[in-house]
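**Student:** Next input, structure requested:
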Amino acid sequence: MQQGAKNPLVNVVDEPMRVVREQYSPTCRISRFGPREKSEEIHLFVEPHGDGCFEDQLKQVAEQYHSALESIGLPRHTAVFRRCFLSDASNQINIVMDSALGFRVPTEEAAAVSCIEQPPIAYRKIALLAYHVRDVDPSEKSTLEIPEAGRYARTLALKRPERTLLWTTQMNSHLKPSSGACSVHETRCALEQTRALFATYRDHLRAQGASLLDNTLRTWVFVQNVDMHYAGMVVARRELFAKEGLTPETHYIVATGIEGQNARPHSLITFDALAMLGLEREQITFVDALDHLNRTDEYGVTFERSARLDHADRSRIYLAGTASIDAEGQIVHAGDVLRQTDRALENLSALLAAGGASLEDMAEMIVYLRDQSDAPRVVAHLAATQPGMPFIIVQAPVCRPAWLVEMEGAAIVANQNSRWPAF
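**Tutor:** Sure, this is the predicted structure:
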């Protein structure tokens with residue numbers, strides 16, 4: 001499919017489903033979309049409600065999460081994906097993975113689990129984003145390990161009608177550069193680690209009969225010390241994409257590239273991804289809003305800003321990490337975090353409109369701040385301008401130092417097109 005192609009008009013049902021947002025508690029927010037007796041999608045955003053050591057805050061989050069599931073009659077086996085945002089990955093990841101938010105669950109409750117050091121606001125030690133689908137049956141889920149990509153690297157394969165979703169998480173590397181003269185502060189380390197991780201992921205997809213070009217929907221690349229190492233990641237990704245046929249004339253992948261740390265001090269890159277077996281080219285439309293944001297390849301970065309994935313009854317709009325940028329690729333409102341927040345929201349709104357949605361259709365949003373001390377003002381500003389928006393705010397510098405805030409997320413809208421399989 002050509003980059004920048006726009007969706008045809010969508011025939012919406014007479015009484016369309018919509019995203020419904022609920023406040024379960026002051027520190028637990030829920031968004032829901034779809035018929036509750038069938039394929040309802042649920043996103044949960046949970047933070048600890050008090051202070052304490054990490055184990056105490058982890059327990060608070062797990063208890064709130066499971067209590068919220070129980071309150072809406074959602075079995076734990078419907079879990080698909082969880083991401084834990086941590087304040088100190090080296091000391092916390094193993095504890096999470098050995099908990100009810102990680103891998104210490106019955107087989108039928110397995111989920112794709114991502115842990116990344118991106119400290120939650122208010123100096124909390126952990127926050128959780130969880131995604132469930134109500135009609136998921138445990139028999140539809142299986143787990144594939146990726147030993148060469150780290151201890152916890154996994155793919156959760158979720159079989160749905162006429163397709164299989166592949167949620168890959170926790171891929172990372174501490175590959176030593178071939179030169180033997182590279183320290184963790186040199187760009188080449190990030191380049192070689194990115195090259196190795198993307199090659200591993202490419203080979204992993206091939207083993208499932210898939211490819212980067214034809215099946216990958218979304219990637220998250222977390223870069224340790226993004227100011228230093230982002231450039232190396234960009235070069236390696238661009239080189240591999242060119243070899244795999246991802247070009248401006250075909251398409252790239254909706255992506256977020258942001259600061260994030262895993263538990264390995266010398267591992268500069270952590271990688272999560274989502275792919276889909278059974279994806280038809282016409283089912284996904286890559287969306288631009290060129291009056292607001294330029295194409296990423298104009299400044300040497302290879303990702304799509306947004307994509308719309310159509311199903312019979314709904315469409316999901318994936319939004320890449322989006323900052324305060326203009327149509328010429330320039331930073332807007334340098335030094336002013338609130339005006340940058342507004343411009344990022346304006347850009348997201350433009351991308352959503354091009355995909356047939358609006359900010360009211362957002363089912364999930366992650367807000368990344370360079371400076372955690374900006375959090376109180378940004379939280380208050382979002383509460384005033386986007387009431388009810390389901391989001392989590394974490395500290396994670398963006399790829400350009402002058403960008404103080406970046407946002408990513410996903411929206412869901414009703415659709416009616418029997419050409420595609422049901423969700």
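**Student:** Which parts of the stretch 1-150 of the chain are helices?
**Tutor:** 54-71, 89-97 (DSSP state H, counting those that start in this stretch).
**Student:** what sits up against the shortest one?
**Tutor:** Spelled out, that is helix 89-97. For helix 89-97, the surrounding residues in contact (Cβ atoms under 8 Å, 6 or more residues apart in numbering) are 54-55, 58, 84, 86, 102-104, 113, 115-117, 125-126, 152, 261-263, 265. Bear in mind the C-beta positions are built from the backbone N, C-alpha and C, glycine included.
**Student:** Going toward the C-terminus from the helix or strand bottoming out on mean pLDDT in the chain, what's the next helix or strand?
**Tutor:** Across the helices and strands of the chain, the lowest-confidence element by mean pLDDT, DSSP states H and E is helix 187-207, at a mean of 92. Downstream of helix 187-207, the first helix or strand assigned by DSSP states H and E is helix 212-215.
**Student:** Can you show me the CA trace of that following helix as PDB?
**Tutor:** Below are the C-alpha coordinates for helix 212-215, written out as PDB (Å, rounded to 0.1, in the frame of the first residue of the first chain):
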ATOM      1  CA  LEU A 212       8.500  -6.900   8.600                       C
ATOM      2  CA  LEU A 213       7.000  -5.500   5.400                       C
ATOM      3  CA  ASP A 214       3.800  -7.500   5.200                       C
ATOM      4  CA  ASN A 215       2.800  -8.200   8.800                       C
END
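**Student:** That helix: what's the following helix or strand?
**Tutor:** Following helix 212-215 in sequence, per DSSP H and E, is strand 216-223.
**Student:** Give me the mean pLDDT for that following strand.
**Tutor:** Averaging pLDDT along strand 216-223 gives 98.
**Student:** Give me the sheet partners of that strand and which way each runs.
**Tutor:** According to DSSP bridges, strand 216-223 has the following sheet partners: strand 254-259 (parallel), strand 269-277 (antiparallel).
**Student:** okay, those in JSON lines with distance to Ile325 next?
**Tutor:** Formatted as JSON lines, the strands paired with strand 216-223 follow (distance: least, Cβ to Cβ, whole Å):
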{"stretch": "strand 254-259", "distance to Ile325": "14"}
{"stretch": "strand 269-277", "distance to Ile325": "23"}
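**Student:** Show me what the least confident helix or strand of the chain is packed up against.
**Tutor:** strand 163-172, helix 212-215, strand 216-223, helix 226-243, strand 269-277 (3 or more Cβ pairs under 8 Å, 6 or more residues apart in numbering; DSSP states H and E).
**Student:** closest one to Ala350 among these?
**Tutor:** Closest to Ala350 of those is strand 216-223 (Cβ to Cβ; 19.7 Å).
**Student:** a markdown table please, covering the helices and strands packed on helix 187-207 and showing distance to His311 and mean neighbour count.
**Tutor:** As requested, these are arranged in a markdown table below (distance: least, Cβ to Cβ, whole Å; neighbours: other Cβ atoms under 10 Å):
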| stretch | distance to His311 | mean neighbour count |
| --- | --- | --- |
| strand 163-172 | 9 | 23 |
| helix 212-215 | 16 | 19 |
| strand 216-223 | 13 | 24 |
| helix 226-243 | 27 | 19 |
| strand 269-277 | 11 | 24 |
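**Student:** out of these, nearest to Leu338?
**Tutor:** helix 226-243 (22.3 Å).
**Student:** And the residue nearest the centre of the protein?
**Tutor:** The residue lying closest to the centre of the chain (Cα atoms, centre = their mean) is Trp220, at 5.9 Å.
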